[in-house]
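Visitor: 3D model of this:
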Amino acid sequence: MKENKRLLAVDILRGITIAGMLLVNNPGSWSHLYAPLEHAEWIGLTPTDLVFPFFVFVMGVSMYFSLRKFSFKPSKALIFKIVRRTVVLFLIGWAVQWFGMWLRGLYNPEAHFWTDMFGRLRILGVFQRLALVYFFGSMFAILFKERFIPWLIAILLIVYAFILGLNNGYEFSLNNILSQVDIAILGEDHMYHESAFGEKLALDPEGVLSTIPCIAHVLIGFMVGKCLTKIHDNQERIVQIAIWGSVMLLVGWLLQYGIPCSKKAWTSSYVLITCGMASCLLAMLIYFIDVKGHKRWCRFFQSFGVNPLFCYLVGTVLAIAFGAVRFGMDGDKPVTIHSMLYDAMTAVFVDETAASCAYAITFVLITWCFGYLLYRKRIYIKI
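Guide: Residues are numbered from 1 along each chain as shown. Prediction:
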């Protein structure tokens, strides 16, 4: 069978995850959500809990392709590239927050932008987590021989499981080691405060310690990238990825009886389950897209997949602008783009949950327009 130099399936998986992240992050109302579009409260797994780990997984796949150009050997050029991208991702994460603070401050005379700019800045977040896992994943990949990477993955997941198991890591409370470490290192004012069981605690889902299993997560994607590169026959690729995906899924499912599956704690069982599912989905996409040639259905996701982080950044900025820019007041309710669109949806759909979902889909389509314009012009923005 002819070798595929670039698998379209990888771009499509990347695009599906970006579309999914935008969908679940931008409902019309957080009070009206379909169950699959909500995160598990603390322990458990919903379809929404799959989108971010799927992106981390495919980031690892792409990382293998990128580092292969440098023969996986440390050099000044490669180290500079890794450090530069890490810094850029961190700065983007902070810049998005500053933009939101500034924009909301325009309509709130009590806001203190210059004080909050650093005093209440959330240090870690989605972009910052991607920066950290990219940095450490890349450094491990070029400092360790490939045959040692699976052992490194196992060590990271086992050590993290012991840290949580011995220090209330599966408990939603301030006694949780995850919360205690983040408070000690970051400070409560610089953390996300998670809500569950009617409580809101300083417990950051993208915190310091939970970055450890996320590094293992991206390295699993890295090993799948190796499989895609070393094996040239698509049928064999599918078999190998599906087998290892099924093994990870089964092992993760069995481990959750002792190591609960939680996205917010990014537990070791969560890593294995989501990487297993992502691998199986990738194998299925390779079969339908790259083997059978069924490509027309996936063009929508390809626009997201070729400029993933840029599209996600555009969606994040739009979400802030939609909710912050005011066009007046309707009683005590500010009139924003978000409120006008959502009111239009509620006028069409009797059920508020359906209206909330329709708003989220509309938001994804609006963001897609930016991605499609770049795709049509063959503009690829690498972040």
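Visitor: only C-alpha atoms for contact and neighbour calcs from this point on.
Guide: OK.
Visitor: please list all residues in contact with Asp204.
Guide: By Cα atoms under 8 Å, 6 or more residues apart in numbering, the contact list for Asp204 reads Leu178, Ser179, Asp182, Met191, Tyr192, His193, Glu194, Lys264.
Visitor: now with 7 Å, please.
Guide: Applying Cα atoms under 7 Å, 6 or more residues apart in numbering, one finds that Asp204 lies in contact with Met191, Tyr192, His193, Glu194.
Visitor: also Leu203?
Guide: Going by Cα under 7 Å, 6+ apart, Leu203 touches Leu178, Ser179, Tyr192, His193, Glu194.
Visitor: Leu341 - how many residues pack around it?
Guide: For Leu341, the count of nearby residues is 18 (other Cα atoms under 10 Å).
Visitor: that one falls within a strand, correct?
Guide: No - using DSSP: H, G, I helix; E, B strand; the rest coil, the secondary structure at Leu341 is helix, not a strand.
Visitor: coming back round to it: can you list the contacts of Leu203 in TSV and add neighbour count?
Guide: Compiled in TSV, those are given as follows (neighbours: other Cα atoms under 10 Å):
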residue	neighbour count
Leu178	28
Ser179	27
Tyr192	21
His193	15
Glu194	16
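Visitor: filter the residues you listed down to just the ones in strands.
Guide: In this view, those that belong to strands under DSSP state E are Glu194.
Visitor: specify which member of the contacts of Leu203 is nearest to Ile220.
Guide: Leu178 (23.0 Å; Cα to Cα).
Visitor: in terms of contact, does that closest one touch Leu209 like I think?
Guide: Yes - contact criterion Cα atoms under 7 Å: Leu178 and Leu209 qualify, at 6.1 Å.
Visitor: among the contacts of Asp204, which two are most distant?
Guide: Largest pairwise distance in those, by Cα to Cα, is 9.2 Å, between Met191 and Glu194.
Visitor: quickly list what's touching both of the two.
Guide: With Cα under 7 Å, 6+ apart as the test, Met191 and Glu194 both reach Ala202, Asp204.
Visitor: mind checking which helix or strand the spatially most central residue of the chain is in?
Guide: For the chain, the residue nearest the mean C-alpha position is Phe52 (2.8 Å; Cα atoms, centre = their mean). Here Phe52 is covered by helix 48-68, with elements defined by DSSP states H and E.
Visitor: the nearest residue to Met101 once chain neighbours are set aside and Arg104, how far apart?
Guide: With sequence-adjacent residues excluded and distances taken as Cα to Cα, 6 or more residues apart in numbering, Met101 is closest to Phe113, at 6.2 Å. According to Cα to Cα, to the nearest Å, Phe113 stands 9 Å off from Arg104.
Visitor: try Asp182
Guide: If you go by Cα to Cα, the gap between Asp182 and Arg104 works out to 27 Å.
Visitor: of those two, who's got more company?
Guide: Set Asp182 next to Arg104 and count neighbours by other Cα under 10 Å: Asp182 wins out with 23 against 19.
Visitor: still on that earlier bit, which one of the contacts of Asp204 is nearest to Phe370?
Guide: Ranked by distance to Phe370 (Cα to Cα), those are led by Tyr192 at 29.3 Å.
Visitor: what's the pLDDT at that closest one?
Guide: pLDDT, Tyr192: 94.
Visitor: also Leu186?
Guide: 95.
Visitor: the residue nearest to it when sequence neighbours are not counted: how many residues sit nearby?
Guide: Leaving aside its chain neighbours, Leu186 sits nearest to Ile123 (7.1 Å; criterion: Cα to Cα, 6+ apart). Here the number of neighbours of Ile123 (other Cα under 10 Å) works out to 19.
Visitor: what does the one 10 residues further on give?
Guide: Using other Cα under 10 Å, Val133 has 24 other residues around it.
Visitor: swap in His294?
Guide: Residues contacting His294 under the criterion other Cα under 10 Å number 13.
Visitor: and if you look at the one 4 residues further on?
Guide: Cys298 is flanked by 18 other residues according to other Cα under 10 Å.
Visitor: just to be sure, it is in a helix?
Guide: Yes - using three-state DSSP, the secondary structure at Cys298 is a helix.
Visitor: that older thread, residues contacting the residue nearest to the centre of the chain?
Guide: Met21.
Visitor: buried stuff in the helix or strand bottoming out on mean pLDDT in the chain?
Guide: The least trusted helix or strand in the chain, going by mean pLDDT, DSSP states H and E, turns out to be helix 113-119, with a mean of 80. By 16 or more other Cα atoms under 10 Å, the buried positions in helix 113-119 come out as Phe113, Met117.
Visitor: what's it packed up against?
Guide: On a contact count with 3 or more Cα pairs under 7 Å, 6 or more residues apart in numbering; DSSP states H and E, helix 113-119 meets helix 76-105.
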